[in-house]
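> got a structure for you, letters missing:
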């Protein structure tokens, strides 16, 4: 009982050369495991879960074992529950789940993974800059402005040229956590972006690294 009470954080394993969907699910699962009740739930649940993306043809399988949660591409034939949800934009809080009646614990578990907690935009901005700043072609500074709260944060060089992101907190967090690319947000005008096109490309790349994995993604 004592050992089980202490072991409440499973190790996440992903396949080698994992496709983006695997990285995205691993990222969201890691965020969820920061919540102790969910970590304890993960310690109790066992099974095989499939996840299909509504945004792309991609899919993944999550295997919850005694000490690890492994994620690989494609939906395995032995998946007991299959959830279909949006993965690239804002989290889909109402995924379509098959097999939930037979396996309610697994269904509840994957529904939580598909609705991960979101950080406050300042924390997301700090993490975003830590990934962006080492990238080739990164701008010397990043300015993030919350239009609702009239608050701004600057990262990098204290003066001179900077890329700027202006928007409501939800829109900013979507970009800063990689759920929506900076390029897509600029096009949709959900976030106002002030920078050159090459800078915009690098910003989008940083979001991709955070969301799907890659060098500096775990910085």
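Happy to help now that I have it. Everything numeric here is computed off the predicted structure, so don't read it as measured data.
> need the contact partners of the helix or strand harbouring residue 144.
In this assignment (DSSP states H and E), residue 144 forms part of strand 141-146. For strand 141-146, contacts defined as C-beta atoms under 8 Å, 6 or more residues apart in numbering pick out 121-122, 125, 128-129, 132, 151-158, 160-169, 172, 176. (C-beta placed from N, C-alpha, C; glycine too.)
> equivalent analysis for stretch 51-64, please.
Under C-beta under 8 Å, 6+ apart, the answer for stretch 51-64 is 10, 19-22, 25, 29, 42, 45-50, 69-76, 79, 82-89, 92, 106, 109-110, 113-114.
> quick one: end-to-end distance for it.
Its first and final residues considered, stretch 51-64 spans 13 Å by C-alpha to C-alpha, to the nearest Å.
> hang on, the earlier thing: which of the contacts of strand 141-146 count as buried?
Using 16 or more other C-beta atoms under 10 Å as the burial test, the contacts of strand 141-146 include 121, 125, 128-129, 132, 154-156, 162-167, 169, 172, 176 as buried.
> so what's the residue nearest to residue 111 when sequence neighbours are not counted up against?
Closest residue to residue 111 apart from its sequence neighbours, by C-beta to C-beta, 6 or more residues apart in numbering: residue 95 at 6.1 Å. Counting by C-beta under 8 Å, 6+ apart, residue 95 makes contact with 83, 84, 85, 110, 111, 114.
> quick check, residue 24 in contact with residue 208.
No: applying C-beta atoms under 8 Å, one finds residue 24 not in contact with residue 208, separated by 10.1 Å.
> residue ranges with poor pLDDT in this protein?
1-9, 88-93, 214-219 (pLDDT under 70).
> what ranges does it have for its helices?
2-6, 20-33, 36-44, 104-113, 121-132, 169-176, 182-188, 197-212 (DSSP state H).
> angle of the longest one against helix 20-33?
Looking back up the chat, that one is helix 197-212. In this structure, helix 197-212 runs at an angle of 60 degrees to helix 20-33, with axes from the mean of the first three to the mean of the last three C-alpha atoms, to 10 degrees as the basis.
> how close does residue 142 sit to residue 210?
Applying C-beta to C-beta, to the nearest Å, one obtains 14 Å for the distance of residue 142 from residue 210.
> let me see the domain layout of the chain.
What the record gives for the chain is the domain set 2-113, 121-212, from automatic domain parsing.
> returning to that earlier point: what comes up buried for the strand holding residue 144?
Quick answer for strand 141-146 (16+ other C-beta under 10 Å): 141, 142, 143, 144, 145, 146.
> then stretch 113-129?
Residues of stretch 113-129 classed as buried: 113-116, 118-119, 121, 124-129 (neighbour count, 16+ other C-beta under 10 Å).
> any chance of the residues you listed in CSV, plus distance to residue 55?
As requested, the buried residues of stretch 113-129 are exported to CSV (distance: C-beta to C-beta, whole Å):
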residue, distance to residue 55
113, 16
114, 12
115, 16
116, 16
118, 18
119, 22
121, 23
124, 21
125, 24
126, 27
127, 23
128, 21
129, 26
